[in-house]
Structures are given as C-alpha cells and as structure tokens.
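*Asks:* Provided below are the primary sequence and the corresponding predicted coordinates.
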Amino acid sequence: MKTFQPIELQVKPISHGHFPLVCTPLVGRTADEVMAELQVILPKKPDVLEWRVDFFEAIGNTASVVQLAKAIKRAAPDLLVLFTRRSSEEGGEAIPLTEDQVIALYEAVCESNGIDWIDYEMSHPPAHIAKVRAASCANGIQLVLSWHDFSGTLSQPLLIQKFLQAQQLGADVAKVAVMPHTMDDVLTLLMATRQASSLLNIPIISLSMGHYGVITRLMGWTLGSALTFAVGAESSAPGQVPIEDMHTVLQILRKSMVNAL
C-alpha cells in the first residue's frame, strides 16, 4: 500500500502517526457552550479539534477569542487545535467583521500560543493570504489553505489545480471540499485526491459533502486524504458521521487491509 504524506506538527507525528487524523468541530455560540461541547468530545478520542470561530457570538471581541482559544488548549493539551473562520461565501456563518479585521484576529490568535493550526481560504486576495502566512510562520503555526464549493464538483484537472494552488501559496496543508450531485462527482474527487497526493510535497485533505460524499469521509484516506471530519457533539458541515462510527470503520478497514497483504 502506498505511504501518503501525513500531517505533522513541528516535524513530529501527530497522534502516533495515525493516518488519517480524525477531527471534530466545536461550534458553540458562547464560551460555555464550546467548553460543554469539549467535555462531550474528549472521551471520544479525536486527534484534532477544529474551533469554528465563525459560530462564536463574541468573535468581534479579540480578547474573548484569545481567552477561549487558550482554554480549549488547556483542556485538550494533547490534541491539535485548528482555528477556523469559515466565510459565508464558503459555507460559514455571517460575522460582523471585515476581512482586515479577520486577519487581525488571526494574527492575535497566532501570537497567543493557544492554537496549533489555522485555516484560511485561498479564494481571498493573495495579499490577505500573505499576511496570514506571515502570522503563522512568525509564531510556528501551521497553515491550512482551503477551498470549498457547496454548489458542485469541478473537473479532476481543476480540482488538482486547487490543491497545487494551495502549495504554491505557501500552505502547510492543502484542503479541497466540494458538493457532489452524483456518485460520478464523488469518483472525480477521489481520483483528484489520488493524483494530488502524488504530485504535492505537502499533506492534503479532501472530501465530498452531503450524503453522496460520506464515502470520501470514511475512505478518502486510502487515496491520500490525511484528515477526515466527524461529529463529536455537533456537525459543522453536511455529511459528517458520528466519531464513534468513524473509529469503527477505520479500525475495520485498517485491519482488513493489513490482513490482505
């Protein structure tokens, strides 16, 4: 079986080198809700926590955001914490911040030592991406450059271009998520994943959303996707499966694939 590029933190394997990593979202509207979610999620043993800060009602208060990021990290010191503001254009919540204010928030959170990883969308202007890249580099934070299409699925060559674009823009990890309308769309995403995982020098994350795309969340790693998302308490995107089911499927597949060698 081909060895794919795993996601590492400061050149060290995460979660004993598991492939793929399993990430669960935190989508609470308040600090109390986020911390309550966290207490539900931690016993389910994810590898990564993604704090979707666009759900957070106090996103406009930088001090509150930094304080909560640190609280999440203190409560889960052994897990990778991914900080994500998903824009409304790419499926996120509407927020009362300009993009310049979002970048300032990212800079403050990177400086806080409360996170390990940030997600920023590569659909934003190159100058904005460069500022986020500079903030992540200055503070030893890894950058996921992502692209989401909730309307459909591009052709395989165009999807591969998206992965390559992330690498060219300085990403540590490239992420592409699309919405399939048929199983052929799902196959297109999986084939693009396979090719991109061979072409890129950085890890990739790929997924199809919705009910057609569930198979990519469960099996995309066999073609090179280094991380998958699962529900720990509340879902952040269509098609996410419960983390308990994800662990069961991964265990069965890993065992079966090893036994088949």
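*Replies:* Nice, I can see it.
*Asks:* burial of Ala230, as a residue count?
*Replies:* Per other CB atoms under 10 Å, the neighbour tally for Ala230 reads 24. (Glycine included, C-beta is placed from N, CA and C.)
*Asks:* I'd like to know how far it sits from Gln168.
*Replies:* Distance, Ala230 to Gln168, by CB to CB, to the nearest Å: 30 Å.
*Asks:* do Arg85 as well
*Replies:* 22 Å.
*Asks:* So if I had to pick from these two, which one is more boxed in?
*Replies:* The neighbour comparison of Arg85 against Gln168 (other CB under 10 Å) goes to Arg85, with 26 against 12.
*Asks:* got a pLDDT number for that one?
*Replies:* As predicted, Arg85 sits at a pLDDT of 98.
*Asks:* wait, it sits on Val102?
*Replies:* Yes: between Arg85 and Val102 there is a contact at 5.6 Å, judged by CB atoms under 8 Å.
*Asks:* okay, and the helix or strand of this protein with the least pLDDT?
*Replies:* strand 12-13 (a mean of 47; mean pLDDT, DSSP states H and E).
*Asks:* by contact count, what packs against the next helix or strand after that strand?
*Replies:* Following strand 12-13 in sequence order, the next helix or strand is strand 21-26 (DSSP states H and E). If you count contacts as 3 or more CB pairs under 8 Å, 6 or more residues apart in numbering; DSSP states H and E, strand 21-26 packs onto helix 31-41, strand 48-52, strand 227-231, helix 243-259.
*Asks:* Which of those sits closest to Ile59?
*Replies:* In terms of CB to CB, the element of the helices and strands packed on strand 21-26 nearest to Ile59 is strand 48-52, at 10.3 Å.
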